[in-house]
Every structure is written in structure tokens, then in C-alpha cells.
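Engineer: Need a 3D model of the following:
(one chain, ligands or ions: 1)
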Amino acid sequence: MNQADCPYTLSRAAAGEAPAFYALMRSVYEGMPDKDLFAVGEIAPEWMQKALTPPCFGIGARTASGELAGMLVVVTPEGWEHSLARKAGLSPDQLPLTMEMDMSCVAPQHRGHGLQQRMLAFAEGLLPREARFLLCTVSPHNPASLASVRALGYRVAATREMYGGFLRHILIKDRSL
Ligand SMILES: CC(C)(COP(=O)(O)OP(=O)(O)OC[C@H]1O[C@@H](n2cnc3c(N)ncnc32)[C@H](O)[C@@H]1OP(=O)(O)O)[C@@H](O)C(=O)NCCC(=O)NCCS
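Structural biologist: Just a heads-up that it's a prediction; the model follows:
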């Protein structure tokens, strides 16, 4: 589907949209038969507020009527110890060059339009060149999400248990290549 045919409008989101983002994230999670694929668990509304506050931001995909159909957040790592940079094999001095793509989800009735990939590409277009390394985690058992990130050039850097025991690929994209 080319951009002109896409019935969704993508935009950058800030903290004012945190309640809507949080509600979509929770409802996608509640509707998933395999909850291991989307590590939402006990995430609190305050987390989403912070994830939409600069330098972090979100991307929302809305229908013509304004319904939030999909979302993701782009966050800076909170520190080296818990960073995806460390898990992906980068060095501590590369940490400031990284951003993490997180919580991407699309409401079930809006899937099949490549929205996750579109949102990721849209987010990338908003990032400065200094954000050289983009990182995310995807379950090896999540083919739709893996297809989205691989299509954009992310590659698996490591695979390990995370989020309390769920297997995750840690994927990285080096925008300087
Ligand atoms: C993952 C998710 C965001 C993808 O939604 P989407 O953008 O609408 O995805 P699409 O249905 O358009 O599929 C994306 C790609 O995966 C492929 N795909 C989808 N389901 C697949 C499957 N079961 N097996 C193999 N490929 C599959 C599609 O063919 C498409 O590939 P293409 O672009 O080459 O045609 C959505 O399924 C979701 O919200 N899942 C629950 C939450 C979640 O898992 N989030 C990701 C956490 S890492």
C-alpha cells in the first residue's frame, strides 16, 4: 500500500496523549491470547507519561475519525545497566547515540496495513542524526513484529530472557551504514 492509500494519519505525540496511549496499550495487551509477546505487565500510567515527555516521544496512528489505531514510544535509555545498548553489545560511550523503540502495538481491527512499520519509519524521520543506533526487543515468536522491524533494517544482535523470563531478540539498526 503506498502512502496515499493509507487510511491513517501518523503524528508525533506528547504527554497530553498519555491516557489514550496507555488505554490502547492495555487493551491490546488484555486482548492477546499469548501475553508473553507484549511485555506490558504492571506498567503504570506514570510510565507512559514519562515515555511521552521530551526527549522521549510517541507516534500515534489515527483514523479519519480520530480513533487511536496504533502507537509506539521512542525513549532514551535510563542508564547503562538496563539499556538495550549493553545487551546488544555496544560500548558505554555509545549509549548517548541510542534510542529505544518500545510498546509498539496496533488495535486488532486495524492490523494488516503495515502500521507498525509505518510508525517506526515515521519516528525515524523525526530523529536527529546523532541518534545513530535504534534498538528494540521482539519475541522470536512474534512474526508480524519481526517482519516490521527487519523490513526497516533492524538486525538481531542478541537473544536472551528479559522482562521476567520472556525470550526476546534484541534488534539494532545502525543508521550510519
Ligand atoms: C505486532 C503488531 C504491532 C503488527 O501490527 P501491523 O503493523 O498491523 O502488522 P501487519 O499485520 O501489517 O503485518 C506486518 C508484517 O508481518 C507479516 N505478518 C503478519 N502476521 C504474520 C504471521 N503470523 N506470520 C508471518 N508474517 C506475518 C505481514 O505479512 C506483514 O509483512 P509485509 O509487510 O511483508 O506484508 C500487531 O500485531 C500487534 O499490535 N500485536 C500485539 C502487540 C505486539 O506484539 N507488539 C509488538 C511487541 S514487540
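
Engineer: Output the set of residues of the protein in proximity to the ligand.
Structural biologist: Residues of the chain that fall close to the ligand, judged by C-beta under 6 Å from any ligand atom: 28, 32, 37-38, 104-106, 111-116, 138, 142-145, 147-148, 151. (Each C-beta comes from the backbone N, C-alpha and C, glycine too.)

Engineer: residues touching the residue positioned nearest the centre of the chain, list them.
Structural biologist: Among the residues of the chain, the one closest to the centroid is residue 102, at 3.0 Å (C-alpha atoms, centre = their mean). Residue 102 makes contact with 51, 72, 73, 74, 75, 136, according to C-beta atoms under 8 Å, 6 or more residues apart in numbering.

Engineer: The fourth one pairs with what?
Structural biologist: Yep, that's residue 74 we're talking about. As for beta bridges, residue 74 partners with residue 57, residue 101 under DSSP bridges.

Engineer: How many neighbouring residues does it have?
Structural biologist: Here the number of neighbours of residue 74 (other C-beta atoms under 10 Å) works out to 26.

Engineer: likewise residue 72?
Structural biologist: Around residue 72 there are 27 other residues, counting by other C-beta under 10 Å.

Engineer: residues in contact with it?
Structural biologist: By C-beta under 8 Å, 6+ apart, the contact list for residue 72 reads 58, 59, 101, 102, 103, 104, 105, 116, 119, 120, 123.

Engineer: In a markdown table: those residues, plus pLDDT.
Structural biologist: Compiled in a markdown table, these are given as follows (pLDDT from 0 to 100):
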| residue | pLDDT |
| --- | --- |
| 58 | 98 |
| 59 | 98 |
| 101 | 98 |
| 102 | 97 |
| 103 | 97 |
| 104 | 98 |
| 105 | 98 |
| 116 | 98 |
| 119 | 98 |
| 120 | 98 |
| 123 | 98 |
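
Engineer: wait, which of the residues you listed is closest to residue 21?
Structural biologist: Set against residue 21, the nearest of these by C-beta to C-beta is residue 58 (5.8 Å).

Engineer: If you drop the residues flanking it in sequence, what lies closest to that closest one?
Structural biologist: Here the nearest residue to residue 58 in space, its sequence neighbours aside, is residue 13; by C-beta to C-beta, 6 or more residues apart in numbering that works out to 3.7 Å.

Engineer: what's the burial count for the one you found?
Structural biologist: Applying other C-beta under 10 Å, we find 21 other residues in the vicinity of residue 13.

Engineer: my guess is it meets residue 70, correct?
Structural biologist: No: counting by C-beta atoms under 8 Å, residue 70 is not a contact partner of residue 13; they are 11.2 Å apart.
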